[in-house]
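Chemist: Model the structure of this input:
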Amino acid sequence: MELSLTERTAAPHHIIEVEGEIDVYTAPKFREAVVAAIDAGHTRLVIDIENVAFLDSTGLGVLVGALKRVRADGGSLDIICTSDRLLRIFSITGLDKVFGLHESYEALANADSA
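Modeler: Next up is the predicted model:
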């Protein structure tokens, strides 16, 4: 399955919506988009993986690398995800304690303003 990326800004966040599968073949394209966003000065990233069918360790590596980069600049990286299968991956790897996981962008924005 092909990987599709859509980007938008909802100040103060820069949102990257991902659709398809994030695996060893598509991770470079995903990494490129994330790095380009960070290089453009976006340090409050939101990665929306609601429409991701598959996420492997390569994809997790991209997310961890991005988190390290934005944190070095005092930023944050939050993830939008409700898929039990994907949330289980975050739980098993302990990354659910590292990333902010949210049900929707609205839930994240409300949490930010609270």
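Chemist: Let's verify R85: helix, strand, or coil?
Modeler: helix (DSSP: H, G, I helix; E, B strand; the rest coil).
Chemist: what's the single longest strand in this structure?
Modeler: Looking across the chain with DSSP state E, the single longest strand is strand 44-55.
Chemist: From the contact counts, what lies against that one?
Modeler: Counting contacts by 3 or more Cβ pairs under 8 Å, 6 or more residues apart in numbering; DSSP states H and E, strand 44-55 is packed against strand 13-22, helix 27-39, helix 57-72, strand 76-80, helix 84-93, helix 105-113. Quick note: C-beta positions are derived from backbone N, CA and C, even for glycine.
Chemist: What lies in contact with the shortest one?
Modeler: Contact with strand 76-80 is made by 13, 43-50, 63, 66-67, 70-71, 90, 99-105, 108, as judged by Cβ atoms under 8 Å, 6 or more residues apart in numbering.
Chemist: Turn the helices and strands packed on strand 44-55 into CSV, columns for mean pLDDT.
Modeler: What follows is the helices and strands packed on strand 44-55, written out as CSV (pLDDT from 0 to 100):
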stretch, mean pLDDT
strand 13-22, 97
helix 27-39, 97
helix 57-72, 96
strand 76-80, 97
helix 84-93, 96
helix 105-113, 86
